[in-house]
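[1] I need the structure of the sequence given here:
(2 chains)
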There are 2 protein chains.
Amino acid sequence: MQKIYISDLKNFIGQEITLKGWLYNKRSSGKVKFIILRDGTGYLQCVYFKGSVTPEVFELCDKVTQESSIEVTGRVKEEPRAVGGFELDGVDLKIISLSQEYPITPKEHGIEFLMDNRHLWLRSSRQVAIMKVRHRIIKAIRDFFDNKGFVLMDSPILTPAACEGTSTLFETEYFDLGKAYLTQSGQLYAEAGALALGKVYTFGPTFRAEKSKTRRHLTEFWMVEPEVAFNDLNDNMDLIEEFIEYVVQTVIADREEELKVLERDLTSLKNCKRPFPRISYDDAVEILKKNNIDFQYGNDLGGTDETIISNQFDRPVLVHRYPQEVKAFYMKRDPENANLALAVDVLAPEGVGEIIGGSQREDNLDLLLERIKEHDLPQEAFEWYLDLRRYGSVPHAGFGLGLERTVGWICGLEHVRETIPFPRMIYRNTP
Amino acid sequence: MQKIYISDLKNFIGQEITLKGWLYNKRSSGKVKFIILRDGTGYLQCVYFKGSVTPEVFELCDKVTQESSIEVTGRVKEEPRAVGGFELDGVDLKIISLSQEYPITPKEHGIEFLMDNRHLWLRSSRQVAIMKVRHRIIKAIRDFFDNKGFVLMDSPILTPAACEGTSTLFETEYFDLGKAYLTQSGQLYAEAGALALGKVYTFGPTFRAEKSKTRRHLTEFWMVEPEVAFNDLNDNMDLIEEFIEYVVQTVIADREEELKVLERDLTSLKNCKRPFPRISYDDAVEILKKNNIDFQYGNDLGGTDETIISNQFDRPVLVHRYPQEVKAFYMKRDPENANLALAVDVLAPEGVGEIIGGSQREDNLDLLLERIKEHDLPQEAFEWYLDLRRYGSVPHAGFGLGLERTVGWICGLEHVRETIPFPRMIYRNTP
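    Below you'll find the predicted structure:
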């Protein structure tokens, strides 16, 4: 027998069917009981009239508690006023497992309590909506690159050396080979992939053992990192713009219902269409000055700086050509000004801040060797990476998009902790 | 200017175009030079006639070396005898970066040498083909679940406790919270997801610090794990069959060219259609006996046993209802025989062995508590998991498919080390 889900109801109008799920909510009004069933695909109001059902069933409607697993039987009716547009004219009700004192009640709970009960909190309509938007964002990201002929090349999680600085690494013993480190970025591996397959992307979890306790930081987060042979900084920025537009427009069109649950105002997201403003770091510093911010030229942009800059624009802004001192060793210098790196960051509007970091990569062997020395990195660990400049070096560029910040942005969430099923933060690695 | 790739050539027949890539191979025949260009999307023979090009270009054809990055210009011709069906009538050739003594030559290299040079080895036509099949398998897996309304719920990598036994864990210090462990399976988290969203899957890297030095073991491998509320063992087996059929048939239809490069005989894969044979563990033991294998009833099936069993069938075989002692604590016991677990493993043909392990889960709180005690697991670490039986427990089932073994099977590879861009094994965590 085919299982029927709430999302299938339009095919069963007028028919008597049985559905399984959990009691999301209930209310009573004398001779009629209302039970809201949830099954993961949607919500359905089931109506039980005294007299129309057996006294036992009517009694069960009182007995059944929040988050009990239940089986409901009844006739499907169209009902425009009900959630989802349908209602079930209840005939039977069975309890599969009765919940006793479900910890999460409609009253307000503190965030630590909800996080301790994350495995149950995920059942709330708000968290369900976020997870569905997250899934759709991931699918849009993959579709975008797949449709453009990129090849997915998963980069390793266990790596022998640091990519983005050595101070924020999780380490583990690796048999007789000494220590291995959890990857901070798949980029270096993606570069090897791009020189083999032309256009590639990696998409997996990355790790930063950063002692940052902000609303923007997770210690474990997913990152998509495309890398393209023969792309320069401008090609990279073109790709970024097309990518962001595709992801945002696809997701808001296809997850309207969930974004409504999240009470997300879509005005700003709908506006997220090419061309995006592109400004240089120098332009960005000018903006800060005009806003009377005491900013030292040469420094990296901080969270507050990013907010001020992004507030000047009605869509994401690309900030390019940063001072090379604040950027990673692998970034190519601007041929017109060796103090600048051919980097680009994308700042999302509405105070979200950086969601993308990217650059054209240094493709000259001697210059890259110099950078590795300047950054005090162990050359030996990078020999394989240097090989990419020894054998068939080409201009190439790529970027990394942080998934959770993007989910937070599109869903309109204050804090990244709700953007991933089981968040990991400096003070939390459970449940 | 739009970049042109070899995969676009059909749109440029008769036109003079410029392509960028790497020299894959070359040969010479007196007054004509042949240069095989690769760009990640395909291969193209470029033909340079003496007299038709400048003496400088003709000389460059001699000078340019394997894996040099180059730019070729010429007219596109249809040529059915050439790789890919096209040829370039060369007009110009530029060297972007000349490779000196590329380490991987057409001669035979030892596997350790190739693994040390994995970042370059990935450029070979065989590795390119494997990566494209791998990508297509991943896409087929995601499409299958997405099209069926499953929600992707990424499970965490950093976990507070073991899921599949404590002896094979990678551990890391986690700030002030003590140790965290790299996940061995996302299943427990997927169960929480299934009770929130009905049908979910996790798909990410998993880790086993196993000291196994076999052709089937990686320490880091990707696993997809669907989990469905209200599914029992039979539903689970139905889902498995539909899933395997979809993935195999989609991939072999869509990656014919790559599988040809790998000289994969498709007979067995084409046969991979429902219904698949389903045998009990008891049946499997009978098969071993008939083949004069000295097998102790009650033991788990070993690699050789799996090969003998799977050799009896012309497609994957599902083996169900194993002795509970050899299976994980979370598996439900068979109501008809408490010594058996409602488990199912899938053995792939052609000596590949186990590619899927799954089961119906124990949904009774008291029985699950008993199992946790029997297995000497710390109950406290599983309190959240026990909550799934306290609040709205339902029958549910799921399975895990190992990606790399599946890639090895479909590509017809002897060893899993070629199935992932950068393999991690007990004796290797580089490059």
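
[2] so does stretch A:214-221 get close to chain B?
    Yes - interface with chain B: stretch A:214-221 contributes A:219-220 (CB under 8 Å from any CB of the partner chain). (Glycine included, C-beta is placed from N, CA and C.)

[3] Can you list the buried residues in that stretch?
    For stretch A:214-221, the neighbour count (16 or more other CB atoms under 10 Å in any protein chain shown) marks A:217-221 as buried.

[4] and what of stretch A:355-366?
    A:355-363.

[5] what's the answer for stretch A:237-253, then?
    Neighbour-count burial for stretch A:237-253 [16+ other CB under 10 Å]: A:237, A:239-241, A:243-248, A:250-252.

[6] Dump the residues you listed into TSV; add pLDDT as well.
    TSV is the format used below for the buried residues of stretch A:237-253 (pLDDT from 0 to 100):
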residue	pLDDT
A:Met237	98
A:Leu239	98
A:Ile240	98
A:Glu241	98
A:Phe243	98
A:Ile244	98
A:Glu245	98
A:Tyr246	98
A:Val247	98
A:Val248	98
A:Thr250	98
A:Val251	98
A:Ile252	98
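
[7] Quick one: residues contacting the nearest residue to A:Asn117 once chain neighbours are set aside.
    Once flanking residues are discounted, A:Asn117 sits nearest to A:Pro103: 5.6 Å by CB to CB, 6 or more residues apart in numbering or on different chains. The contact partners of A:Pro103, by CB atoms under 8 Å, 6 or more residues apart in numbering or on different chains, come to A:113, A:117, A:120, B:391.

[8] Show me what stretch A:118-128 is in contact with.
    Applying CB under 8 Å, 6+ apart, the contact partners of stretch A:118-128 are A:22, A:24, A:38, A:40, A:43, A:67, A:102-104, A:114-115, A:131, A:258, A:261-262, A:418, A:421-423, A:431, B:189, B:192-193, B:195-197, B:384-385, B:387-388, B:391.

[9] ditto for stretch A:154-162
    If you take CB under 8 Å, 6+ apart as the criterion, stretch A:154-162 is touched by A:169, A:172, A:174, A:180-184, A:186-190, A:193, A:202-205, A:207, A:225, A:377-378, A:381-382, B:157, B:170, B:182, B:205, B:207, B:219-220, B:222, B:420-422, B:424, B:429-431.

[10] at 6 Å what do you get?
    By CB atoms under 6 Å, 6 or more residues apart in numbering or on different chains, the surrounding residues in contact with stretch A:154-162 are A:169, A:180-181, A:183, A:186, A:189, A:202, A:204, A:381, B:205, B:220, B:422, B:424, B:429-430.

[11] Stretch A:188-199 too?
    Under the criterion CB under 6 Å, 6+ apart, residues A:150-151, A:153, A:155, A:163, A:200, A:202, A:225, A:227-229, A:385, A:388, A:396, B:39-41, B:119, B:122-123 lie in contact with stretch A:188-199.

[12] Could you point out which of the contacts of stretch A:154-162 is nearest to B:Gln15?
    Ranked by distance to B:Gln15 (CB to CB), these are led by A:Thr202 at 34.6 Å.

[13] buried ones in whichever strand or helix holds A:Thr172?
    Using DSSP states H and E, A:Thr172 maps to strand A:171-173. Residues of strand A:171-173 classed as buried: A:Thr172 (neighbour count, 16+ other CB under 10 Å).

[14] And that strand, what does it pack against?
    Here strand A:171-173 touches strand A:179-182, going by 3 or more CB pairs under 6 Å, 6 or more residues apart in numbering or on different chains; DSSP states H and E.

[15] all helices in the stretch 51-200 of chain A, in order from the N-terminus.
    Applying DSSP state H, counting those that start in this stretch to the stretch 51-200 of chain A gives helices spanning A:55-63, A:111-116, A:118-121, A:125-147, A:187-197.

[16] Mind telling me which residue of the stretch 151-300 of chain A is nearest chain B?
    Distance from chain B to each residue of the stretch 151-300 of chain A (CB to the nearest CB) is smallest for A:Gly198, at 2.6 Å.

[17] would you turn the helices of the stretch 51-200 of chain A into a markdown table with distance to A:Leu269?
    Formatted as a markdown table, these follow (distance: least, CB to CB, whole Å):
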| stretch | distance to A:Leu269 |
| --- | --- |
| helix A:55-63 | 41 |
| helix A:111-116 | 26 |
| helix A:118-121 | 25 |
| helix A:125-147 | 11 |
| helix A:187-197 | 28 |
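
[18] For the stretch 1-150 of chain A, which residues are neighbours of chain B?
    Applying CB under 6 Å from any CB of the partner chain, we find that the stretch 1-150 of chain A lies next to chain B at A:20, A:22, A:39-41, A:67-69, A:96-97, A:99, A:102, A:119, A:122-123, A:131, A:135.

[19] Quick one: low-confidence residue ranges for chain A.
    Counting by pLDDT under 70, chain A has low-confidence residues at A:1, A:162-166.

[20] right, and A:Leu365 touches A:Arg389 too?
    Yes - applying CB atoms under 6 Å as the test, A:Leu365 and A:Arg389 come out as touching, 4.0 Å apart.

[21] give me the number of residues near the closest residue to chain B within the stretch 1-150 of chain A?
    Of all residues in the stretch 1-150 of chain A, A:Gly40 sits closest to chain B, at 2.6 Å by CB to the nearest CB. A:Gly40: 26 surrounding residues under other CB atoms under 10 Å in any protein chain shown.

[22] just checking, it is part of a helix?
    No - A:Gly40: not assigned to a helix; according to DSSP: H, G, I helix; E, B strand; the rest coil it is coil.

[23] what about it, distance to B:Ser7?
    40 Å (CB to CB, to the nearest Å).

[24] Which ones among the buried residues of stretch A:214-221 lie within strands?
    In strands, judged by DSSP state E, the following of the buried residues of stretch A:214-221 are found: A:220-221.

[25] Let me know the closest of the buried residues of stretch A:214-221 to A:Ala140.
    For the buried residues of stretch A:214-221, the minimum distance to A:Ala140 (CB to CB) is 17.8 Å, reached by A:Phe221.
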